[in-house]
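Colleague: need coordinates for the following:
(4 chains)
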There are 2 protein chains.
Amino acid sequence: MAYGNAAFAALADPTRRRVLERLSAGPRAVGEIASGLPVSRPAVSQHLKVLKEAGLVSDRQDGARRIYAIDPKGLGAMRAWLDQFWDVALEALKAEIERDLHDHEEGQS
Amino acid sequence: MAYGNAAFAALADPTRRRVLERLSAGPRAVGEIASGLPVSRPAVSQHLKVLKEAGLVSDRQDGARRIYAIDPKGLGAMRAWLDQFWDVALEALKAEIERDLHDHEEGQS
DNA sequence: CAAGTTCGTAAGCGCTTGCTTACGGTAAGC
DNA sequence: GCTTACCGTAAGCAAGCGCTTACGAACTTG
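Modeller: Residues are numbered from 1 along each chain as shown, chains lettered A, B, ... in the order given. Model (predicted):
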C-alpha cells in the first residue's frame, strides 16, 4: 500500500501510461521511448522520474544511455488494492441486493 | 477500455479513493459521505460527479436525498487493463531474462 | 403556503502539473 | 583532447485541479 498512493497518481497521466505500454514490450532507452511520443525527450525524463518514484519502473546504466524497464513492484501493490476493494465492494453489493429481496418479501402489508 | 481513461484519473485523487472506500461498505447519501471527510459537502458532490462520469459509481434518487453506490462497471475496466498490462509486461520480462541467459551461454568467447 | 433539508452548480482562488527551452554532465568515437 | 551523442535538471509558463463560499432547485414537513 506504500506505493499505491503514488502509483495511482502516476497512472493518471495518459502520456505516462503510453510510456508504460511501450516499456511493457521490453526495456528501452529514454530516446527510444521519446521518439513516437508527441512530447519532447526531457518531458519523458520527468515522466520516468515519477514512474520510478512510484515503483513502476527501474533504470540501469548502459554506457551513455539509460535503460528503463517495468518494475513489477508497484504494479503488484496497485493490483492488491484494486482486488481487495473489488472484493469488499461486491460483497456489500450482494448483501444489499439480498436485503432488498427480504424487504420485498416481508414488506407486502 | 472506454472508462479506463477517466477511471485512472478519478482514482488519482486521495479524497476520491476515500469516498469509494466509504461507498464500498454500502450505499450512502451525499451528506453521510461528507461527514467524516475533511472537505465540505459541495466538494464531495464534485468528486461524486467525477466518479460517476468515470463509471465508478451510480446514483439514485430517494426523496430529497441522493444515494450513491459502487458501480462495478468502471472497476472491471480498470482491472482488465491492469491485468492485461501485467501479463504482457511479465511475459516480456521473462523473455528478456531468458535472452540474457542465452547470451551468457553462447557469448563465452 | 411557509420553513427547513438535501443536494447540485457557478464563481473565484491558490496550488499543482505537464510542457518547452536552455544548460551542464558523462560516456563514446574520431 | 575535441567533438558528438545521450540524458537529467532548472526555470518559466499556461492549463488543469481541488477547495470554499454563495446561490438556486427539488422535496418534505409543519
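
Colleague: would you mind naming what in chain A lies close to chain B?
Modeller: A:5, A:8-9, A:11-12, A:14, A:17, A:20-21, A:23-27, A:69-70, A:72, A:75, A:78-79, A:82-83, A:85-86, A:88-90, A:92-93, A:95-96 (Cβ under 8 Å from any Cβ of the partner chain). To be clear about C-beta, it is placed using only N, CA and C from the backbone, and glycine gets the same treatment.

Colleague: put the buried members of the residues you listed into a PyMOL selection.
Modeller: Those of those that count as buried under 16 or more other Cβ atoms under 10 Å in any protein chain shown are selected in PyMOL with:
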select buried, chain A and resi 8+9+11+12+17+20+23+24+27+69+70+75+78+79+82+85+86+89+92+93
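
Colleague: now, the residues of chain A next to chain B that are in strands?
Modeller: Mapping the residues of chain A next to chain B onto strands (DSSP state E) picks out A:Ala69, A:Ile70.

Colleague: among the residues of chain A next to chain B, which are in reach of DNA strand C?
Modeller: A:Ala9, A:Ala12 (Cβ under 7 Å from any atom of the strand).

Colleague: now, which of the residues of chain A next to chain B lie within helices?
Modeller: Using DSSP state H, the subset of the residues of chain A next to chain B located in helices is A:5, A:8-9, A:11, A:14, A:17, A:20-21, A:23-24, A:72, A:75, A:78-79, A:82-83, A:85-86, A:88-90, A:92-93, A:95-96.
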